[in-house]
Every structure is written in C-alpha cells, then in structure tokens.
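Colleague: Sequence first, then the predicted structure, then my questions.
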Amino acid sequence: MAARSLKKVNTPVPPFIEFKPDEPIKVIDLPGFLDAENRFLLYRPAHGEIPADLASYFDELSKTTFGIAENETRYRYPDEYYAYAASDVRRSEYEYAHDWNESCYETSGLNADDAADHLLKRGFDFRHADGRTMLITKHFCRQAEHAANGWPKSRIPEAALPNLTKLEQNLAKQSRDFRARKLRK
C-alpha cells in the first residue's frame, strides 16, 4: 500500500456503512478460521512474533475472507520519512498521518476480548461456542472492522450473504403447504 497523501491527513475518519446482519457472523464457522485457530495453538509465538508461514497463512485467509490483509490496514511510512531529522516538521506530518490512520480503527488499541465485544456489535462474532474469545482475534480484527465499515478493497464474508439454498428450501416448503391447503378445500 502506498503512503497516504498528506492532503488527506486533515480529513475526518471515513464514513462507514451500517453493516448489521440479523445474526452476527460466527467467524469460527467461516472457512479456514478453525484451522487458523488450531495452527495458532500449535505455533504460538513465544515473544510476540508469529512464524512467517503462519503470518502468510493469516494474510491469505484474510484476503480471501475480508478482501484485505492486516498489513494493508496499517500506515506505511514513505522512504523519505527516515531521511528527516527527528525534529523536522515534515517528519511530524507523517507521524500525524500515522496517528490518523490508527484512529480510524477502533479495535487497534483494544485487547482481544474488548475487540471481540466491539466487533460483535458490528456484526462479527469472534467467540467460540462456549463464549471464549478466539486466540486469533487480534490478527483479524482490523480487517473485520475494515469490512464492516465498507471501506475500499474490503468485502463482507460469503456467510453474510443470504443462504440461497436455505431460502429455496423454505419457499418450496411454503409452496407445498399452500398446495396441500388448497387441495383440502
């Protein structure tokens, strides 16, 4: 992702669509997330950094599910930023742009439990069936928030779309019931 233009730094937080399904999307039931949770348990990082193969698996899963990877939600400083002295005004402008980007994501400063609670209100359930927060919540919460806001390059997971086979079965049952009532009369 290219560095954001400084012209956009003073703009307010981008507007978001109100994504609120009738039932929250159970993230653990989406394809690949149970496997990701299990892999995270097996290859749990000892000092905060996850292994590169696990990180690439998370990125691929995130792109296929939410349309965006975690590193694409983060502000990337341009190369000239590192050439400026710490007291240079231009450097502080880039730092302000970074802070603005972080302020767009409400889950960025939250722990996993609070992020899961926040995303539950937005339509994504990052909990197991027994109520425990998924261990991988912090690795996917920014992407889920990005998708829930309807920002560019994001998408709502397929599970949120109407289940057409279930709808078709329901309509067929209603049709059979209607015909049975008509024949009885």
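Modeller: Okay, I see it.
Colleague: Pretty sure residue 93 sits in a helix.
Modeller: Yes - assessed with DSSP: H, G, I helix; E, B strand; the rest coil, residue 93 lies in a helix.
Colleague: Compute the number of surrounding residues for it.
Modeller: By the measure other C-beta atoms under 10 Å, the count of residues near residue 93 is 14. (Each C-beta comes from the backbone N, C-alpha and C, glycine too.)
Colleague: Give me the most central residue, the protein.
Modeller: Note on the chain: the residue nearest the mean C-alpha position is residue 144, at 1.3 Å, using C-alpha atoms, centre = their mean.
Colleague: which residues touch the residue lying closest to that one once chain neighbours are set aside?
Modeller: Among residues not flanking residue 144 along the chain, residue 124 sits closest, at 4.6 Å (C-beta to C-beta, 6 or more residues apart in numbering). Counting by C-beta atoms under 8 Å, 6 or more residues apart in numbering, residue 124 makes contact with 24, 25, 27, 144, 148.
Colleague: For residue 106, see how far away the nearest residue to residue 32 once chain neighbours are set aside is.
Modeller: Distance criterion C-beta to C-beta, 6+ apart; nearest residue to residue 32, sequence neighbours excluded, is residue 61 at 4.7 Å. According to C-beta to C-beta, to the nearest Å, residue 61 stands 22 Å off from residue 106.
Colleague: With that, I have no additional questions.
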